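In: Next one to model:
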Amino acid sequence: MLSIVATFENGAGKNRRLRINDVDPNKTAEEIKTSLEKLTTVSLFEKNGINLYQEVVGAKFIDKIETLIFDKKTDTTSEPISDKRIDEQPAEGLMIDPQELIVEEKMLQPGVLMQRFELPEGLEPDEMSEQQALSLIMAIMPEGGKLEDISFEEGSSPARFQLIVNLKNQK
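Out: Residues are numbered from 1 along each chain as shown. Sure thing, here's the model as predicted:
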């Protein structure tokens, strides 16, 4: 499913995201920008007197791929795409569902993947335990990938991370 994730600045100067599902990929950047800017002129989106969508900051396409594992109604099954164990899921108390994060991926060269993601607004890296951070990273990385490097942009809000993953060792 193709969607657009747009970032807006609210009336208090904080960033806010809006996801729009099932979008037309044939629209030009200017058409999308114009449509998103229309949201800033409507006073329907306010909370405690603050305009939630005051200014468009940016937008990007996100392509979500869903793979059927099983369906009892149609008696359909498929092979799992990973054998990730339950204990590799985010640690107890982690307030982030990795599936809710927007992860940008770019192949730097064959077998080397760069992944970028942001923590939710208000959550700082130093508020996470080492186990929580490791669990989050493991949930984002492709199965069989080897973490080569991790960095984060200091002073950014929300906190931005970049992973470099070696995929050459995948099965």
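In: All the helices of this structure, in order from the start?
Out: In the chain, the helices defined using DSSP state H lie at 29-41, 130-140.
In: how about these in TSV, adding distance to E148, mean neighbour count and mean pLDDT?
Out: From N, CA and C alone the C-beta is placed, and that goes for glycine too. Putting those into TSV (distance: least, C-beta to C-beta, whole Å; neighbours: other C-beta atoms under 10 Å; pLDDT from 0 to 100) gives the following:
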stretch	distance to E148	mean neighbour count	mean pLDDT
helix 29-41	33	13	91
helix 130-140	12	17	81
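In: mind giving me TSV with those and columns for distance to V5?
Out: Converted to TSV, these look like this (distance: least, C-beta to C-beta, whole Å):
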stretch	distance to V5
helix 29-41	11
helix 130-140	16
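In: and of those, who's closest to Q54?
Out: Smallest distance to Q54 across the helices of the chain (C-beta to C-beta): 5.9 Å, for helix 29-41.
In: Show me the one of the helices of the chain that comes nearest A6.
Out: helix 29-41 (5.2 Å).
In: now for the closest one, which elements pack on it?
Out: strand 2-9, strand 55-63 (3 or more C-beta pairs under 8 Å, 6 or more residues apart in numbering; DSSP states H and E).
In: got the angle between it and strand 55-63?
Out: Here the directions of helix 29-41 and strand 55-63 differ by 130 degrees (axes from the mean of the first three to the mean of the last three C-alpha atoms, to 10 degrees).
In: what distance separates helix 29-41 from the middle of the whole chain?
Out: 22 Å (C-alpha atoms, centre = their mean, to the nearest Å).
In: Identify all contacting residues around that helix.
Out: Outside helix 29-41, the residues that touch it by C-beta atoms under 8 Å, 6 or more residues apart in numbering are 4, 6, 8, 18, 27, 45, 51, 53-56, 59.
In: which one of the helices of the chain lies closest to Q162?
Out: Closest among those, once you apply C-beta to C-beta, is helix 130-140, at 11.3 Å.
In: Great, nothing more from me.
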